[in-house]
Structure formats: C-alpha cells, structure tokens
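>>> whatever this is, show me its structure:
(one chain, ligands or ions: 2)
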Amino acid sequence: MKIAVHGAAGRMGQRVVAVASADSRYQVVAALESATHPALGQDAGLLAGVGNLGVPLAVVGESDADVVIDFSVPDAAIAVLTHCLEFKKPLVIATTGFDVPQDEFIRESARTLPIVWAPSMSPAVNLLMKLTEIAAISLRELPTGVDVEIIERHHRFKEDAPSGTALRFGNIVAEAMGQSSHIHGRHGRPGERPRNEIGYHALRSGDNPGEHTIVFGMLGETIELKVAASNRDCYAQGALLAADWIIDKPAGLYSMNDVLGL
Ligand SMILES: NC(=O)C1=CN([C@@H]2O[C@H](COP(=O)(O)OP(=O)(O)OC[C@H]3O[C@@H](n4cnc5c(N)ncnc54)[C@H](O)[C@@H]3O)[C@@H](O)[C@H]2O)C=CC1
Ligand SMILES: O=C(O)C1=N[C@H](C(=O)O)C[C@H](O)C1
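Ligands and ions are numbered 1, 2, ... in the order given. From the prediction side, this is the model:
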C-alpha cells in the first residue's frame, strides 16, 4: 500500500516513515511538510534515520498515494483534508487540538470521504477507553459517589493541553456517568469538589511519549486505570493499521474501535 505521510519531519511523522519502511506491506511515496520547513527537499528516510528512500520532503500535492496519514498541526490537518477531499484520498487524522469549527469541518467532510480520526492510534489506549467506559457505567450508581480525575503526562514539546486522548477519556466518562462539569486544574479555594465534576491535569516533563491515568476516587478505596507509552511506535503502528483498514471503506467517520474491532 502506498502512503503519504503529512507532517513527515515531525516526531511522529519520522516514526511513521521509519516503521512503514521496515514493513513490506507499506511504501512511503510522499512525505509532506510545511512550505517553510528548513528540510524541504531532503530525503524523508534519511531524516527518519532509515536510509535513503528516494522520497524528498515536499509540500502537499498530487501523488499516487492510496491513503494519507496526518500527524501535523490543526490548521495543516484541515488543509490536507481539503486536498484529500479534492483528490478522493482516504485520510487518517491523528493530529489533536482542533477547535470547534475544525472539528465540525472534519465531521462534515466524512460525509463524502472515508476518514479514521482518533486522538490516540495506540491499541492499548483504545482498549483502556473501553475498560474506562465499563468502570464508569459500573460505578455511576455508587451511593457514596465517584470522583473521576484524569492525569496525562507528555514531553515538554507538546503544544496542546490537555491531550486529545485525555479529553476523549473525559467525554467517555461524562457520557457514561452523566457528569457535566469539566475543569482543568485547580488553584485558590475552589471549595468542596462537586459530584458532577471531571478534573483534568496535564503534566509536561522531559521526553514522555504519552501516559494517561484515569482515577476513580471513592470513599475508602480508589481505582486507577493507567496506560503508558515507552516510545512513539505504538502510535505509528496504529496509524498504519488504520491506513490499511480505511483503504477500501466507503465515506464515513471511523474510529480506532472500528479499526481494531473493539
Ligand atoms: N493520534 C495519535 O496517536 C497521536 C497524535 N499525536 C498528535 O500528532 C500531532 C503531531 O505530534 P508531533 O509529531 O509530536 O509534533 P511535531 O511538532 O513533532 O510534528 C508536527 C509536524 O507538522 C509539521 N507541519 C506544520 N505545519 C505544516 C503544514 N502546513 N503542512 C505540513 N506539515 C506541517 C511540522 O513542521 C512538524 O514537522 C500533535 O497534534 C499530537 O498531539 C501525537 C502522537 C500520537
Ligand atoms: O503530542 C503527543 O505526543 C501525543 N498526543 C496525542 C494526544 O494529544 O492525545 C496522543 C498521545 O498521547 C501522544
């Protein structure tokens, strides 16, 4: 399968190029980057540390890619989505940090384009989302109440907070338990914690590739569900699985649950 990697010189883009180049099922035919990127024209394989692939970093344009994988920034992701709409290229969107209009544009675009969209491509993270939903449903009627807090830890370079994955965990809990208040950090004297609150806490430290802990705090006991990446390849592998899966699907908005059969 021929893939185009959008954001190819980035932390994730380089891993997608590297992991794909080591798997005979995939051929990287396009490595797409910002028009202002200093490495434009350089070979994507050399940048990713896997040797010359004969694929220079280039701006978005027509290619013979079967599918596009996007790990970039929100505005660029929307731009490449517009390109995919024009050239009818299935798209895997992994970028996070979209605003509401961008979110709505993606959903509208999926009416005419097959899109896999997930804040985490990690199989372990998406399984933990299922386990979190089970825990939330199971605990929601506890008479003494359950306080859910979401702690995410990422590398110092991450630009958005909280993570898209943390927000998705929070939405899963909110839908399962009927919580309506999402608060981000605490300071001053917020007083006693309301029962309908979900708290989010974003740690930025070192080179952590991604860690999420969902805390279910009760009176007398606590459950913590945790998933931690040791490198970025779980996301790259998941994105390639998504690319392989989406290639023959009709227009629609799909998640990693569809890709992984969860
Ligand atoms: N869904 C998932 O499994 C995962 C999602 N992510 C998300 O992926 C995104 C990228 O993460 P990283 O690779 O760590 O960031 P990064 O900053 O290393 O890479 C982003 C790349 O996008 C490029 N870019 C910026 N403007 C562009 C444009 N107009 N056209 C093409 N490329 C452009 C940058 O030059 C850079 O190379 C973030 O939103 C992050 O949250 C990260 C890891 C896993
Ligand atoms: O920026 C990252 O690195 C990651 N971002 C994604 C997110 O915002 O959820 C996924 C993963 O946690 C790594």
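>>> which bits of the stretch 151-262 of the chain sit near ligand 2?
Contact residues, the stretch 151-262 of the chain versus ligand 2 (CB under 6 Å from any ligand atom): 154, 158, 163-165, 210. For every residue, glycine as well, the C-beta is placed using N, CA and C.
>>> if you set the cut-off to 5 Å instead, what comes out?
Within the stretch 151-262 of the chain, the residues that sit near ligand 2 (CB under 5 Å from any ligand atom) are 158, 163-165, 210.
>>> again with the stretch 1-150 of the chain
Contact residues, the stretch 1-150 of the chain versus ligand 2 (CB under 5 Å from any ligand atom): 96, 119-120.
>>> try it again with 8 Å
By the rule CB under 8 Å from any ligand atom, the part of the stretch 1-150 of the chain lying against ligand 2 is 11-12, 94, 96-97, 119-122, 125.
>>> so which of those are in helices?
Using DSSP state H, the members of those that fall in helices are 11-12, 125.
>>> which among those are in contact with ligand 1?
Answer for those near ligand 1 (CB under 8 Å from any ligand atom): 11-12, 125.
>>> could those residues go into a markdown table alongside neighbour count?
Below are these laid out as a markdown table (neighbours: other CB atoms under 10 Å):
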| residue | neighbour count |
| --- | --- |
| 11 | 15 |
| 12 | 22 |
| 125 | 23 |
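>>> ok so, going back, go back to the residues of the stretch 151-262 of the chain next to ligand 2 and keep what's next to ligand 1.
Within those, those near ligand 1 by CB under 8 Å from any ligand atom are 158, 163-165, 210.
>>> can you redo the residues you listed as a markdown table with secondary structure and neighbour count?
Shown next, in a markdown table, are those (DSSP: H, G, I helix; E, B strand; the rest coil; neighbours: other CB atoms under 10 Å):
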| residue | secondary structure | neighbour count |
| --- | --- | --- |
| 158 | coil | 18 |
| 163 | coil | 23 |
| 164 | helix | 18 |
| 165 | helix | 24 |
| 210 | coil | 22 |
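>>> what segments of the stretch 151-262 of the chain are helices?
All helices of the stretch 151-262 of the chain, identified by DSSP state H, counting those that start in this stretch, fall at 164-177, 233-246, 256-260.
>>> tell me how many other residues crowd residue 251.
A count of neighbours around residue 251, defined by other CB atoms under 10 Å, yields 13.
>>> give me the phi and psi for the most centrally placed residue in the chain.
Centre of the chain computed as the mean C-alpha position; nearest residue by CA atoms, centre = their mean is residue 119, 2.4 Å away. With angles defined as degrees, to the nearest 10, residue 119 sits at phi -70, psi -20.
>>> my guess is it meets residue 160, correct?
No - in this structure, residue 119 is not within contact of residue 160 by CB atoms under 8 Å, at 10.1 Å.
>>> tell me where this structure has strands.
Assigned strands in the chain, in chain order: 2-6, 27-32, 57-58, 67-70, 91-93, 114-117, 147-154, 181-184, 197-204, 211-217, 222-228, 252-254 (criterion: DSSP state E).
>>> can you say which of the helices of the stretch 151-262 of the chain is packed in most?
Among the helices of the stretch 151-262 of the chain, helix 233-246 has the highest mean neighbour count (mean count of other CB atoms under 10 Å), at a mean of 22.
>>> done for today, thanks.
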